[in-house]
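K.L.:
quick one, fold the following:
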Amino acid sequence: MPSAAVHRPFFMPKRFIACTLLAAATLSLSGCGTMKDMFSSWSFGSSEEDEIEPAETLAAKGMEAYKVGNYSDALKSFQDIIDRHPFSPEALLAELKAADCQYYSGKYAEAKELYKTFEERHPTNEAVPYVMFQIGMCDFARADRIDRDASGAKEAAQSFSRLLRVHPDSAYTKEAKARLEAANEFIVNHEYFVAVFYVRTKKYEQAKHRLKYILATYPDAAVSPKAKELLAKLEAGESPEWGIEKWLPDWQLPDWSWGRAEDTGREAERSAE
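P.N.:
Sure, this is the predicted structure:
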């Protein structure tokens, strides 16, 4: 039969008692202020939580700032929703408009990452065609002059082609086609500019190789007749020794002032709401 538990009295160590009495004496000598200060320093709740604005309020403030072009303040409101109300109904709209704020602030790399994240998180959302279009626009924005890097135009062509392939009948099809055509024209004119540069520096074999590539890849480009004529001269051994400037392309990016992606993006806002 198991033995009954033996209850032993609890003895407080003398050293502990001494320390406790010393602490009490110290508090009594220092006055009531110390006790008050000690307890007032304890936190019984975060005051910061009381200052958190509701997601609905933040969304309204963000959209108000966004519509007047105050993208910095708008982004702050949308980011607050994402950080503090990630599961609220407003979070979806905040993710989309945060990307738009970055885009219209000229921060295309940051905007592209946010658009891509939105697409990855919400692949079936109705705003995805708009998001895919904006990814292409972020790439397209890097296309500046044909004598500079053409990687932006190349990535834009890929992005717009993907949109047209996946969503051929979206509200952004018409503009995506126009942007794709412009991106391809940028690329071919960049290639032709490089070919003329090779002629100017008497690197004729490299020039001929580049011109043949243009004619094979972009036979219908506006600059193709000029490329064909220059190639014929080079192959006949009649390389231009003067007046090379006349062979330079005079192509420029179209004027897109007739429309903005922001206007067509209103439908995307409604889809994300």
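K.L.:
leaving out sequence neighbours, find the closest residue to Ala141.
P.N.:
Tyr108 (4.8 Å; CB to CB, 6 or more residues apart in numbering). All C-beta atoms are positioned from the backbone trio N, CA, C, and that covers glycine.
K.L.:
need the phi and psi values for the one you found.
P.N.:
phi -70, psi -40 (degrees, to the nearest 10).
K.L.:
show me the helices in this structure, by range?
P.N.:
For the chain, the helices defined by DSSP state H occupy 14-30, 32-40, 47-50, 55-67, 71-84, 90-104, 108-121, 128-140, 151-166, 173-200, 204-217, 224-235, 261-264, 266-272.
K.L.:
comparing those helices, which comes out most buried?
P.N.:
helix 128-140 (a mean of 25; mean count of other CB atoms under 10 Å).
K.L.:
measure Ala65 to Pro86 for me?
P.N.:
21 Å (CB to CB, to the nearest Å).
K.L.:
er, Cys138 actually
P.N.:
Distance from Cys138 to Pro86, by CB to CB: 24 Å.
K.L.:
if we can go back for a sec, can I get the helices of the chain in JSON lines including mean pLDDT?
P.N.:
Output for the helices of the chain, formatted as JSON lines (pLDDT from 0 to 100):
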{"stretch": "helix 14-30", "mean pLDDT": "40"}
{"stretch": "helix 32-40", "mean pLDDT": "42"}
{"stretch": "helix 47-50", "mean pLDDT": "49"}
{"stretch": "helix 55-67", "mean pLDDT": "96"}
{"stretch": "helix 71-84", "mean pLDDT": "97"}
{"stretch": "helix 90-104", "mean pLDDT": "97"}
{"stretch": "helix 108-121", "mean pLDDT": "97"}
{"stretch": "helix 128-140", "mean pLDDT": "97"}
{"stretch": "helix 151-166", "mean pLDDT": "97"}
{"stretch": "helix 173-200", "mean pLDDT": "93"}
{"stretch": "helix 204-217", "mean pLDDT": "95"}
{"stretch": "helix 224-235", "mean pLDDT": "93"}
{"stretch": "helix 261-264", "mean pLDDT": "50"}
{"stretch": "helix 266-272", "mean pLDDT": "58"}
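K.L.:
residue contacts, the closest residue to Ser239 other than its chain neighbours?
P.N.:
Closest residue in space to Ser239, ignoring its immediate chain neighbours: Tyr204 at 5.8 Å, by CB to CB, 6+ apart. Tyr204 makes contact with Tyr198, Leu234, Ser239, according to CB atoms under 8 Å, 6 or more residues apart in numbering.
K.L.:
against Thr173, how distant is the closest residue to Tyr198 other than its chain neighbours?
P.N.:
Leaving out its chain neighbours, the residue that sits closest to Tyr198 by CB to CB, 6+ apart is Ala207, at 3.7 Å. Counting by CB to CB, the gap from Ala207 to Thr173 is 38 Å.
K.L.:
with Ile214 instead?
P.N.:
For Ile214, the distance to Thr173 - CB to CB - is 28 Å.
K.L.:
same check, this time on Ala74
P.N.:
Separation of Ala74 from Thr173 (CB to CB): 28 Å.
K.L.:
now Glu181
P.N.:
13 Å.
K.L.:
circling back: and the residue nearest to Ala141, what does it touch?
P.N.:
Tyr108 neighbours (CB under 8 Å, 6+ apart): Gln102, Cys138, Asp139, Ala141, Arg142.
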